[in-house]
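A.B. asks: A predicted structure for the sequence below; I have some questions about it.
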Amino acid sequence: MESRIQYIFLGRMCRAFGTLCLLLILMPQSIQAATPQELELEPLVVREPDRRDVDVDKLDTENFQIGGFAGLLNVEDFGTNLVYGIRATYHVTEGLFVEGNYALSELGQTSFELLSGGATLLTDDQRDLTYYNLSIGYALLPGESFIGSRWAIKGRLYFLVGAGATDFGGDQRFTINGGVGYELYLTDWLAMHVAARDHVFSTDLLGTSKTVHNVEFTGGLSVYF
């Protein structure tokens, strides 16, 4: 019995050994070394992101600017009235500029005239106010103002101070002015302005000499040329 088992075991061992030898003979034929060309990697493809076209307006290089403005002028003792005028500017440098203004307004009645029941201090012609001045300004804090998510408008904040004259009530008064404004460049040649100024002069129109502050708020458009 033991001889039969040993015979079967040896037979299986021989078959396994023969199979292993056959595999060792066939493996070198089926396994080949990779060539250098096969080892080369495919080139890396980098996809460029989609970029949107952005139009950037280039401001004109002209140094002269002219435009008009309108707003409200509060003249002490005469209330708040409409004012309108013209503005001319020469840009000395990118930040420094010289500006001239000429404006008109028509004054209302004083509190004395309203309470007196008919007394008048000025004739209709004397209520016509005109002023002109020459100011030096400097622009600060250039930046952008955003309208929605697609529009960005260039702009800058500026300060100015100057002197001139104010004419009403039959007299001309030396006037100092100062203020602040903001300019928006709507196109490469068109700009919008908003400004606040204080016109300071001395007057004795109501019998007592005093220095008055007359605040003005205006907005307007101007063109470069």
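C.D. replies: In hand now; what should we look at?
A.B. asks: pLDDT-wise, which helix or strand of the chain ranks last?
C.D. replies: Ranked by mean pLDDT, DSSP states H and E, the weakest helix or strand in the chain is helix 36-39, scoring a mean of 54.
A.B. asks: Quickly run through the sheet partners of the helix or strand following that one, with directions.
C.D. replies: For helix 36-39, the following helix or strand on the C-terminal side (DSSP states H and E) is strand 64-75. Paired strands of strand 64-75, with direction, are strand 79-91 (antiparallel), strand 210-224 (antiparallel) (DSSP bridges).
A.B. asks: Distance to T130, mean pLDDT and mean neighbour count for those - can I get that in TSV?
C.D. replies: From N, CA and C alone the C-beta is placed, and that goes for glycine too. TSV is the format used below for the strands paired with strand 64-75 (distance: least, CB to CB, whole Å; pLDDT from 0 to 100; neighbours: other CB atoms under 10 Å):
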stretch	distance to T130	mean pLDDT	mean neighbour count
strand 79-91	9	96	17
strand 210-224	13	96	16
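A.B. asks: can I get the ones you listed in TSV with distance to F112?
C.D. replies: Formatted as TSV, the strands paired with strand 64-75 follow (distance: least, CB to CB, whole Å):
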stretch	distance to F112
strand 79-91	12
strand 210-224	15
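A.B. asks: what's the closest of these to D125?
C.D. replies: Nearest to D125, of all the strands paired with strand 64-75, is strand 79-91, at 15.5 Å by CB to CB.
A.B. asks: what's the closest one in contact with?
C.D. replies: With contact meaning CB atoms under 8 Å, 6 or more residues apart in numbering, strand 79-91 is reached by 63-75, 97-110, 193, 216, 218, 220, 222.
A.B. asks: again with stretch 187-199
C.D. replies: By CB under 8 Å, 6+ apart, stretch 187-199 touches 57-60, 62, 65, 67, 69, 73, 87, 131, 133, 166, 175-186, 213-225.
A.B. asks: and that stretch, which residues are buried?
C.D. replies: By neighbour count on 16 or more other CB atoms under 10 Å, the buried set for stretch 187-199 is A191, M192, H193, A195, R197, H199.
A.B. asks: Tell me the one among these nearest to L114.
C.D. replies: Nearest member of the buried residues of stretch 187-199 to L114, counting by CB to CB, is H199, at 23.3 Å.
A.B. asks: Can you pull the phi/psi pair for that closest one?
C.D. replies: phi -100, psi 120 (degrees, to the nearest 10).
A.B. asks: Excluding chain neighbours, what is closest to it?
C.D. replies: N214 (4.4 Å; CB to CB, 6 or more residues apart in numbering).
A.B. asks: May I have the beta-bridge partners of A139?
C.D. replies: Beta bridges link A139 to Y158, judged by DSSP bridges.
A.B. asks: oh, and call the first residue 49 from now on, that's how I've got it
C.D. replies: Will do, 49 is the new start, and the previous item becomes A187.
A.B. asks: Verify the contact between it and F145 for me.
C.D. replies: Yes. Counting by CB atoms under 8 Å, F145 is a contact partner of A187 at 7.2 Å.
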